[in-house]
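Participant: Attaching a predicted model along with its sequence, questions to come.
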Amino acid sequence: MTPFAEAALLGLAAALGLATLTWVASLVQRDVSLVDRVWSFVIAVPVVAYAWVLPAAGDARFTVMVVLLVLWAVRLAAYVNWRNWGHGEDRRYQAIRARNGPSFPLTSLFYVFFLQAVLAWLVSTPFLAVLARPVPWTALDAIGAAIAGFGFVFETVGDQQLVSFKADAANRGKVMDRGVWRYTRHPNYFGECCVWWGFFLMALPGGGWWSIVSPLVMTGLLLKVSGVALLEKDIGERRPAYRDYIARTNAFFPGPPKKAAR
């Protein structure tokens, strides 16, 4: 087995291992939402495996990527845990639990935890690509790092602005349309995508074009699966004021607010 294959398989095993431990914890707590709380770490843990098999001591590119990854993973995990603390299992998982009945525990292992582990492993591939073929720092690395850093700041600012908005009792029942939320309905998702497209650009100088699977998977999840599409599926019915927000604000890419139709 080549070092590349060994690193890739060990990374997948690491992601599956952390997902399995989280699954066990979810059985104890009867809360599959735990998988969302560790999602960023399930993406990050394969990187440890890659570095174990393909060490790159002193590699500037990998160092910059790891610093950004750690900041991203810790912040996201802390925020999701704080946001979800005490709220019980997410309604998405409650629906899956209701559909599967007694078989849900085993079903959740494969359908939720292992599936997310595989997706997380795919998302982590830019780091594998960088370690597989180290090359000198390039201008493309600087661009990629800047995009990833911008994405991290943008989603952090968006989340913080939303927290502050919800903390004000005067805003109860209102739609958040201030700050970066004035320009995109999902600044956190846009920032998230920027992070992973930035990492992909940093993998390109070493021939890591194949790691485009990473930003494609992340973008697909955030736009079509667990992000924009899911959150806005019925929000207009539950919150009528949100329909006006949709009419004047871009869903994903930031842009000037549209004028309300008369």
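Facilitator: Yes, it's here.
Participant: okay but Leu122 is in contact with Ser214, surely?
Facilitator: Yes - taking C-beta atoms under 8 Å as the definition, Leu122 is a contact partner of Ser214 at 6.4 Å. Yep, even glycine has a C-beta here, placed from its N, CA and C like the rest.
Participant: Of these two, which one has the most company?
Facilitator: Under the criterion of other C-beta atoms under 10 Å, the comparison of Leu122 against Ser214 puts Ser214 first, with 25 against 18.
Participant: so the more buried one, which of the three states?
Facilitator: On the three-state scheme (DSSP: H, G, I helix; E, B strand; the rest coil), Ser214 is labelled helix.
Participant: How much space separates it from Thr107?
Facilitator: Between Ser214 and Thr107 the computed distance is 27 Å (C-beta to C-beta, to the nearest Å).
Participant: for Thr156, same thing?
Facilitator: For Thr156, the distance to Thr107 - C-beta to C-beta - is 35 Å.
Participant: Which residue of these two possesses the greater neighbour count?
Facilitator: Between Thr156 and Thr107, counted using other C-beta under 10 Å, Thr156 has the larger neighbour count: 18 against 15.
Participant: How about the contacts made by Asp59?
Facilitator: When the contact criterion is C-beta atoms under 8 Å, 6 or more residues apart in numbering, the partners of Asp59 are Val130, Leu131, Pro134.
Participant: quick check, nearest of these to Ala203?
Facilitator: Distance from Ala203 was checked for each of the contacts of Asp59 by C-beta to C-beta. The minimum falls on Val130, at 5.3 Å.
Participant: What helix or strand is that closest one located in?
Facilitator: Using DSSP states H and E, the element containing Val130 is helix 125-132.
Participant: chain center to that helix, what's the gap?
Facilitator: The gap between where helix 125-132 is centred and where its chain is centred comes out at 18 Å by C-alpha atoms, centre = their mean, to the nearest Å.
Participant: can I get the CA coordinates of that helix in PDB?
Facilitator: Included here for helix 125-132 are C-alpha records, laid out as PDB according to Å, rounded to 0.1, in the frame of the first residue of the first chain:
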ATOM      1  CA  THR A 125      -9.300  16.000   1.000                       C
ATOM      2  CA  PRO A 126      -7.500  19.300   0.300                       C
ATOM      3  CA  PHE A 127      -5.300  18.600   3.300                       C
ATOM      4  CA  LEU A 128      -4.400  15.100   2.000                       C
ATOM      5  CA  ALA A 129      -3.600  16.600  -1.400                       C
ATOM      6  CA  VAL A 130      -1.300  19.200   0.100                       C
ATOM      7  CA  LEU A 131       0.600  16.600   2.100                       C
ATOM      8  CA  ALA A 132       0.800  14.100  -0.800                       C
END
